[in-house]
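[1] coordinates only, sequence not included:
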């Protein structure tokens, strides 16, 4: 017959002091997804007007499109739109297409990185302003091409 091990309060406290981080419990699917999203997000905000690596790649793409004549003009973080009192959205890229249409494009590292608050703000902006709003993300990791998702 097995004997049950019972610790005193002092023994338990001593054990917990020696082993402060117990093994993590099994994560739910939502917890794992949140952890992946957090890991993929920028470690900190860059100063205004400074592009991250994905935005810099997209700027290069826009320059190529400009040389090809598909884009007439673009500007990085040049447009800030007011949505409500104390609520605004600064779009990553304002782009004038060869058709003369002004598009507001928000660049993300992947489709999964489009958070609910960004999607909500963009939908509100699309309802308030006469521009085309798009989320843009790479077609493949490190590969060529971009996917544009119109809001």
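    That came through, no problem. The model shown is predicted, which means the values in this text are computed figures rather than measured ones. Numbering: from 1, shown residues only.

[2] For residue 104, see how far away the most centrally placed residue in the chain is.
    Note on the chain: the residue nearest the mean C-alpha position is residue 113, at 4.2 Å, using C-alpha atoms, centre = their mean. The gap separating residue 113 from residue 104 is 18 Å, by C-beta to C-beta, to the nearest Å. To be clear about C-beta, it is placed using only N, CA and C from the backbone, and glycine gets the same treatment.

[3] what separates residue 68 from residue 107, distance-wise?
    From residue 68 to residue 107 the distance is 19 Å (C-beta to C-beta).

[4] With residue 129 instead?
    Relative to residue 107, and taking C-beta to C-beta, residue 129 is found at 19 Å.

[5] out of those two, which sits in the busier spot?
    residue 107 (23 against 17; other C-beta atoms under 10 Å).

[6] check contacts around the more buried one.
    54, 55, 58, 92, 93, 135, 136, 137 (C-beta atoms under 8 Å, 6 or more residues apart in numbering).

[7] which phi and psi does it have?
    phi -90, psi 130 (degrees, to the nearest 10).

[8] Check what pLDDT it gets.
    Predicted confidence (pLDDT) for residue 107: 94.

[9] hey, which strand is longest across this structure?
    strand 71-84 (DSSP state E).

[10] quick one: average confidence on that strand?
    Mean predicted confidence for strand 71-84 is 95.

[11] Tell me the first helix or strand C-terminal of it.
    Toward the C-terminal end, the helix or strand that comes next after strand 71-84 (DSSP states H and E) is strand 87-97.

[12] what does that next one rub up against?
    Contact with strand 87-97 is made by 48, 55, 58-59, 62, 70-83, 102-107, 121-122, 125, 133, 136, as judged by C-beta under 8 Å, 6+ apart.

[13] same check, this time on stretch 124-133
    In contact with stretch 124-133 (C-beta under 8 Å, 6+ apart) are residues 81, 83, 89, 91, 101-106, 122, 150-151.

[14] Of those, which is the nearest to residue 144?
    Nearest to residue 144 among the contacts of stretch 124-133 is residue 105, at 17.4 Å by C-beta to C-beta.

[15] and the gap between residue 63 and residue 20?
    52 Å.

[16] same deal with residue 80?
    From residue 80 to residue 20 the distance is 46 Å (C-beta to C-beta).
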